[in-house]
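Undergrad: Need coordinates for the following:
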Amino acid sequence: MGSKNFAASLALVIPTLNEADNIGSLLDAIQHALQSTDIRYTIIVVDDSSTDGTPHVVRKHMQRDDRIQLLERSGKNGLAGAILHGWAHSDADLLGVMDADLQHPPALLPELLLALQAGADIAIGSRYARRNGVQGWNPVRAAISRVSTLATRPLLSKKLHVTDPMSGFFIVRRSCIDGIEFQTQGFKLLLEVLVRGQIRAVHEVPYQFGLRQAGKSKASAAVAFHYLSLLGRLSREVVLRPSSQ
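TA: Numbering: from 1, shown residues only. Got it, this is the predicted structure:
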């Protein structure tokens, strides 16, 4: 990435809940990927009361690099809340997030940053920008994901062509979301950013969604409930929004 003149700084948040078997490898891979850039960055791990030693693994990495930070939350949960908590502890120009389960490829980070350097307001790692991005998923999971994605279409501006508004891997300009109070419960922050943020230019980078290597998926009935609740709330906002916006 030709980022010699890219003066922005990046805060990359990684929410964790019992990811001790993955987080060390992920931190190493992120730092390796960002070596090819000259951006100033901080990796902020936000841990929600892990019981498997995840914070201990992160602290070992912090001893080797002060660009890694750990924020521990007690008695709280919700992926969106963890992301927002991490962003609130940084004054970086660019705010990013990726999962801790190694399903998002760190090697994509330089390309996402390059899109922002070229003028995008948000750069998204997309599972659907090309075929076979979710190869290996069972048919039921793939169908649920597709239907959930289709349900977002009426909420998004026609000017925003986004194939994966449910992605958990993206970087956004702080200036596009400053002052907005997002929902802290739930797992689909990107959708709310796209609907409520001042987003004019989107760039999607296709990738192959990896399979979880260790640990357990956080999907649950509560996740589905919060998603449906978010859809309902955003739908009401879109209906009430002035037509000039």
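Undergrad: Please identify which helix or strand holds Asn22.
TA: helix 20-34 (DSSP states H and E).
Undergrad: Which positions in that helix come out as buried?
TA: Buried residues in helix 20-34, defined by neighbour count with 16 or more other Cβ atoms under 10 Å: 20-23, 26-27, 30-31, 33-34. Every C-beta, even on glycine, is put in place using the N, C-alpha and C of the backbone.
Undergrad: Gly81 in helix, strand or coil?
TA: Secondary structure, DSSP: H, G, I helix; E, B strand; the rest coil: Gly81 is helix.
Undergrad: Next, count neighbours for it.
TA: 21 (other Cβ atoms under 10 Å).
Undergrad: Show me what secondary structure element comes after the lowest-mean-pLDDT helix or strand in the chain.
TA: When the helices and strands of the chain are scored by mean pLDDT, DSSP states H and E, helix 139-150 comes last with a mean of 60. Going down the chain from helix 139-150, the next helix or strand is strand 170-173, by DSSP H and E.
Undergrad: residues making contact with that next one?
TA: If you take Cβ atoms under 8 Å, 6 or more residues apart in numbering as the criterion, strand 170-173 is touched by 10, 12, 93-97, 112-113, 116, 121-125, 190, 193, 197, 199.
Undergrad: Could you list which of those belong to strands?
TA: Counting by DSSP state E, the contacts of strand 170-173 place 10, 12, 94-97, 122-125 in strands.
Undergrad: a markdown table for the buried residues of helix 20-34, including pLDDT and distance to Glu204?
TA: Formatted as a markdown table, these follow (pLDDT from 0 to 100; distance: Cβ to Cβ, whole Å):
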| residue | pLDDT | distance to Glu204 |
| --- | --- | --- |
| Ala20 | 97 | 32 |
| Asp21 | 96 | 30 |
| Asn22 | 96 | 25 |
| Ile23 | 98 | 26 |
| Leu26 | 98 | 22 |
| Leu27 | 98 | 25 |
| Ile30 | 98 | 20 |
| Gln31 | 97 | 25 |
| Ala33 | 97 | 18 |
| Leu34 | 97 | 20 |
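Undergrad: I'd like those residues as JSON lines, with distance to Leu70 appended.
TA: Below are these laid out as JSON lines (distance: Cβ to Cβ, whole Å):
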{"residue": "Ala20", "distance to Leu70": "13"}
{"residue": "Asp21", "distance to Leu70": "17"}
{"residue": "Asn22", "distance to Leu70": "15"}
{"residue": "Ile23", "distance to Leu70": "10"}
{"residue": "Leu26", "distance to Leu70": "14"}
{"residue": "Leu27", "distance to Leu70": "11"}
{"residue": "Ile30", "distance to Leu70": "14"}
{"residue": "Gln31", "distance to Leu70": "15"}
{"residue": "Ala33", "distance to Leu70": "20"}
{"residue": "Leu34", "distance to Leu70": "18"}
